[in-house]
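Coordinates for the following, if possible.
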Amino acid sequence: MEGAALIWTRPEPGSRRPKFTRDQIASTALTIADTEGFAAVSMRRVASELGAGTMTLYYYVRTKDELVALMDDAIMAEVLIPGDEFPAHWYDALTAVALSTWDVLMRHPWALHSLQNAPHGPNAMRHFEQSLAAIADTGLDAPEKFALLGLVDDYVRGNVLRSAEVGVAPDDKEFEAAERFVESQFATGQFPHTQALFAGEDRQEVFHRLVGDTSERDRFRHGLSVLLAGVATTMNLDLPDR
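Numbers count the residues shown, from 1 in each chain. Take a look at the predicted model:
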């Protein structure tokens, strides 16, 4: 994305009352991606949704890469936690950052793949600053802080990816083919533990029983609490009083 980051160094078009703002353009592009997928986002389509000509949009955003940069920064703006709501304890602060990130990515799961090469903008920097602020008083050194943030980030993104994959239901023919394949593999006798887990029952019913009625968000939060409790033990950090 050569040159895409330059959009952050340029002021917005300098007319006294510009017809569009970068925020409006980014919001329009995000709506298209959320409803139709990232592949539907183009300069022409965004311009059409805004009621403008494509060449008019180029006055505000020079390239598709710059549009992608604006989309990424708009998503990062959603992640930010208001300063007056930022918890003081590292555990609570890091939990708040992780939950906010998870909530936003679950609203825009396509972003994990489609925006992964977008240049970091001002809101991405603010998010990283908040993440560092969350663990500023832990006494960890810089490499330990970086490792901790990476650990939490990996958990957040991995959970969103898994949730997105689970949410895509196969059609009937694909499901039937998958069922036949699983049964043929069970018949080989090479998967005794997996076979015992299902014990001849309907696999969807078993999965539902294993997961229960807990929401995706609550399961994410429970896993996060287990992760951070382990971090506290491993890194000798205090946990908040409850």
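
Just the CA trace of the helix or strand bottoming out on mean pLDDT in the chain, in PDB.
Here the helix or strand of the chain ranked lowest by mean pLDDT, DSSP states H and E is helix 203-211, holding a mean of 76. Provided in PDB are the C-alpha atoms of helix 203-211 (Å, rounded to 0.1, in the frame of the first residue of the first chain):
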ATOM      1  CA  ARG A 203     -23.600 -34.400  16.600                       C
ATOM      2  CA  GLN A 204     -25.300 -31.000  16.500                       C
ATOM      3  CA  GLU A 205     -27.200 -31.800  19.700                       C
ATOM      4  CA  VAL A 206     -24.000 -32.900  21.400                       C
ATOM      5  CA  PHE A 207     -22.300 -29.700  20.400                       C
ATOM      6  CA  HIS A 208     -25.200 -27.700  21.800                       C
ATOM      7  CA  ARG A 209     -25.100 -29.600  25.100                       C
ATOM      8  CA  LEU A 210     -21.300 -29.200  25.400                       C
ATOM      9  CA  VAL A 211     -21.500 -25.400  24.700                       C
END
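
Against which helices or strands is it packed?
Here helix 203-211 touches no other helix or strand, going by 3 or more CB pairs under 8 Å, 6 or more residues apart in numbering; DSSP states H and E. Where you see a C-beta, it was placed from the backbone N, CA and C, and this is true even at glycine.

what's downstream of it, the next helix or strand?
Moving toward the C-terminus from helix 203-211, the next helix or strand (DSSP states H and E) is helix 216-235.

what's the angle from the longest helix anywhere in the chain to helix 216-235?
If you go by DSSP state H, the chain has its longest helix at helix 142-166. Per axes from the mean of the first three to the mean of the last three CA atoms, to 10 degrees, the angle that helix 142-166 makes with helix 216-235 is 160 degrees.

for the spatially most central residue of the chain, what are its contacts?
Residue closest to the average C-alpha location in the chain (CA atoms, centre = their mean): Leu105, at 2.8 Å. By CB atoms under 8 Å, 6 or more residues apart in numbering, Leu105 lies in contact with Ala111, Leu112, Val156, Arg157, Val160.

That one and Asp92, how far apart?
20 Å (CB to CB, to the nearest Å).

cool, Thr188 as well?
49 Å.

you'd agree Thr28 is up against Ala47?
No - counting by CB atoms under 8 Å, Ala47 is not a contact partner of Thr28; they are 9.1 Å apart.

Buried residues of stretch 186-201, list them for me.
Buried residues in stretch 186-201, defined by neighbour count with 16 or more other CB atoms under 10 Å: Gln195.

Which of the contacts of Leu105 sits closest to Ala40?
Checking these against Ala40 by CB to CB gives Ala111 as the nearest, at 14.1 Å.

Which residue comes closest to the closest one once chain neighbours are left out?
Ile75 (5.7 Å; CB to CB, 6 or more residues apart in numbering).

what about the strand or helix carrying the one you found, average pLDDT?
Element membership of Ile75 [criterion: DSSP H and E] is helix 64-79. Here helix 64-79 scores 96 as its mean pLDDT.

Show me how the chain divides into domains.
4-166+214-235, 172-211 (automatic domain parsing).

Out of those, which one sits most buried?
Most buried of these, by mean neighbour count (mean count of other CB atoms under 10 Å): domain 4-166+214-235, with a mean of 16.
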